[in-house]
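[1] Give me a model of this one.
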Amino acid sequence: MPLGTLDRTPPPFFRQGTSALTKLVFFAALAFFLMVADARLRIAGPLREAVAIVLLPLQRALAVPVDLVFGGADYLRGLEAARASEQDALRQLAQSADKLARAGALAAENAQLRALLELKPALAVRSQAAEVLYEAADPYSRKIFIDRGQTQGVVAGSPVVNQDGVLGQVTRVFALTSEVTLLVDKDAAIPVLNMRTQQRGAAFGVAGGMELRFTSANDDVRAGDELQTSGVDGVYPPGLPVARVVSVERRSESGFARIALAPTARSDGVRHVLVLEPLAALLPPRPEPVPVAPEIARRKGSGRR
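    Here you go, the predicted structure:
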């Protein structure tokens, strides 16, 4: 057999391409470039939205068997609880008849007083119901996703509440879903009003609950005080329940008291929420600053000297 007809190419086992070190350096540089580009130019935002839209039907399809299992078990366990709840509801309805009559009289009196003082009616905040899809997988944050997004008119900053009070705030909006940061998240903050003393403050999220910060150690704050939204931030409507004071620790070495709060609205097990329109969308625009004449400005400056 002639030697020219022999295949002189090495077998696949001995073939070598780019070295492993070269591949590592290339892909590490590519990853670093993509991270910097995403942080500066936000190039991955449309990709995240597209992936969220594509994966939404799959997420809902995978959640159907789990919902069927838990729904069937809840149905079997809840028959007796439903009968007991019906009896309790009937007793509470009988006890609330007197309170309802007095509330109607107070509401009529309040309407008459507002008309007498020519006060404007309270702002009507638009809202829409939403369902919780799932909780974020990040163990270091407390966020949930709901089935309402830009298509339904949800905007970033919208308050999210349930029947017990404020749950959190919309922080990221996609086409069909939205991300809600709960009040117990470490990056959450909300202005509050103490209903007993009418003192304003700021509540922040901590691990496992909330706390009232920047409150002087000699301020009148007691365990059991109810905190509601103050409405001064232009986001949350006033009068929504937020938290209750659990404990007050006044330390001599610090000028501020350590105040632990328990949120009124628990996020565990919540299925349906209400998304409110931010209060700033209903408020009148802020007036433009009045320009100061150059001569007046010079006089003021000379007077300060």
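
[2] and Ala107, how many neighbours?
    When neighbours are defined as other C-beta atoms under 10 Å, Ala107 has 10 of them. C-betas here are computed from N, CA, C, even on glycine.

[3] Could I get the pLDDT score of it?
    pLDDT recorded at Ala107 is 84.

[4] in a helix, that's where it is, yeah?
    Yes - under DSSP: H, G, I helix; E, B strand; the rest coil, Ala107 falls within a helix.

[5] Make sure I have this right: Ala82 is in a helix.
    Yes - following the definition three-state DSSP, Ala82 is counted among the residues of a helix.

[6] any idea how far it is from Asp74?
    11 Å (C-beta to C-beta, to the nearest Å).

[7] now Ile190
    Remark: distance between Ile190 and Asp74 (C-beta to C-beta) = 32 Å.

[8] neighbour count winner among those two?
    Between Ile190 and Asp74, Ile190 has the larger neighbour count (other C-beta under 10 Å), namely 24 against 10.

[9] For the closest residue to the more buried one other than its chain neighbours, pull up the helix or strand it's in.
    Counting by C-beta to C-beta, 6 or more residues apart in numbering, the nearest residue to Ile190 once its immediate chain neighbours are dropped is Ala203, at 5.3 Å. Using DSSP states H and E, Ala203 maps to strand 200-206.

[10] Strand partners (parallel or antiparallel) of that strand?
    Under the criterion DSSP bridges, strand 200-206 sits next to strand 189-194 (antiparallel), strand 209-213 (antiparallel) in its sheet.

[11] Contact partners for the residue nearest to Ile190?
    By C-beta atoms under 8 Å, 6 or more residues apart in numbering, the contact set of Ala203 is 183, 189-192, 210-213, 227, 242-243, 261.

[12] Tell me the most packed of those, by neighbour count.
    If you count neighbours using other C-beta under 10 Å, the busiest of the contacts of Ala203 is Leu227, which has 29 neighbours.

[13] and whichever helix or strand it is part of, average pLDDT?
    Secondary structure assignment for Leu227, by DSSP H and E: strand 226-229. Strand 226-229 shows an average pLDDT of 95 in the prediction.

[14] Could you check how far it is from the centre of its chain?
    On the basis of C-alpha atoms, centre = their mean, to the nearest Å, the separation between the geometric centre of strand 226-229 and that of its chain is 17 Å.

[15] Low-confidence stretches in the stretch 51-200 of the chain?
    Across the stretch 51-200 of the chain, the stretches falling below the confidence threshold (pLDDT under 70) are 115-123.

[16] Would you report the backbone torsion angles of Glu135?
    Dihedral angles of Glu135 (phi, psi; degrees, to the nearest 10) stand at phi -100, psi 150.

[17] For it, which non-adjacent residue is closest in space?
    Leaving out its chain neighbours, Glu135 is closest to Ile144 (C-beta to C-beta, 6+ apart), at 5.1 Å.

[18] Just to check, the one you found is in contact with Asp138?
    No - under the criterion of C-beta atoms under 8 Å, Ile144 is not in contact with Asp138, lying 11.4 Å apart.

[19] who's more crowded, those two?
    Each of Ile144 and Asp138 had its neighbours counted (other C-beta under 10 Å), and the higher figure belongs to Ile144 (20 against 9).

[20] Figure out the helix or strand that the more buried one lives in.
    Following DSSP H and E, the helix or strand that holds Ile144 is strand 143-146.

[21] What number of neighbouring residues does Val173 come out with?
    Should you count by other C-beta under 10 Å, Val173 turns out to have 21 residues around it.

[22] Could you verify my assumption that it touches Gly153?
    No - in this structure, Val173 sits apart from Gly153 without contact. The criterion is C-beta under 8 Å, and the distance is 9.9 Å.

[23] hmm, back to that, restrict the strand holding Ala203 to CA atoms and write it as CSV.
    Only the C-alpha atoms of strand 200-206 are listed here, as CSV (Å, rounded to 0.1, in the frame of the first residue of the first chain):
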residue,chain,number,x,y,z
ARG,A,200,-44.3,61.6,62.6
GLY,A,201,-41.5,59.2,62.1
ALA,A,202,-39.9,56.8,59.6
ALA,A,203,-40.2,53.0,59.8
PHE,A,204,-37.5,50.8,58.2
GLY,A,205,-37.5,47.1,57.5
VAL,A,206,-35.2,44.7,59.4
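
[24] Against Arg266, how distant is Pro57?
    In this structure, Pro57 and Arg266 are separated by 30 Å, where distance is defined by C-beta to C-beta.

[25] Let me see the ranges of the helices in this structure.
    The residue ranges that make up the helices of the chain, judged by DSSP state H, are 20-41, 45-116, 294-304.

[26] For Tyr236, find the nearest of those helices.
    Set against Tyr236 and scored by C-beta to C-beta, the helices of the chain come closest in helix 45-116, at 22.2 Å.
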